[in-house]
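*Asks:* can you look at this prediction? I've put the sequence above it.
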Amino acid sequence: MSTSQKFVQIVDFETDRIDEMRALAEEGERGFAGREDAPKRRLVLRDRNRPNHYLVVVEFDSYEAAMRNSESEETGKFAEGMAALCTRPPSFTDCDVVDAAEF
């Protein structure tokens, strides 16, 4: 696997405290500033059929960068805070980006 292959993690969670979750995410993003292994893009999706169900798509430059990010103290603190705001434990799906296009 090439280290230049983009990597995406999808976080699936439920919360009735989305405003607090947003504030936590903004705080976490300040901790990523300037880090080489930081996420490059984040997309937050709300399920139209289940309003408290969310998916977050987080893009990294590579799988290796994502794993370094996962091991950081800041990411550990963020994960603990996120779990505390969820109504069920979040689940994670790790994906290699095979193709992408913007129209």
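*Replies:* Good, I have the coordinates. What you see is a predicted model; the values in this text were computed from it and never measured.

*Asks:* got a pLDDT number for Ser2?
*Replies:* As predicted, Ser2 sits at a pLDDT of 46.

*Asks:* over to Asp94?
*Replies:* So, for Asp94, pLDDT stands at 97.

*Asks:* pretty sure it contacts Val57?
*Replies:* No: counting by Cβ atoms under 8 Å, Asp94 does not reach Val57; the two are 11.8 Å apart. The C-beta positions use only the backbone N, C-alpha and C, and glycine is treated the same way.

*Asks:* this structure: strands as residue ranges?
*Replies:* Under the criterion DSSP state E, the chain contains strands at 7-14, 41-46, 53-60, 88-96.

*Asks:* who has more neighbours out of Asp94 and Val57?
*Replies:* Under the neighbour definition other Cβ atoms under 10 Å, Asp94 and Val57 were set side by side, and Val57 has more, 16 against 11.

*Asks:* ok, now which ones touch the residue lying closest to that one once chain neighbours are set aside?
*Replies:* Of all residues not flanking Val57 in the chain, Leu43 sits nearest, at 4.3 Å (Cβ to Cβ, 6 or more residues apart in numbering). Contact partners of Leu43, counting by Cβ atoms under 8 Å, 6 or more residues apart in numbering, are 56-58.

*Asks:* likewise for Asp61?
*Replies:* With Cβ under 8 Å, 6+ apart, Asp61 has these contacts: 4, 6-7, 40.

*Asks:* next, format those residues as a markdown table and append distance to Glu14 and neighbour count.
*Replies:* Listed next are the contacts of Asp61 as a markdown table, based on distance: Cβ to Cβ, whole Å; neighbours: other Cβ atoms under 10 Å:
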| residue | distance to Glu14 | neighbour count |
| --- | --- | --- |
| Ser4 | 34 | 7 |
| Lys6 | 27 | 18 |
| Phe7 | 24 | 22 |
| Lys40 | 26 | 12 |
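
*Asks:* now, among the contacts of Leu43, which is nearest to Thr87?
*Replies:* Val56 (15.5 Å; Cβ to Cβ).
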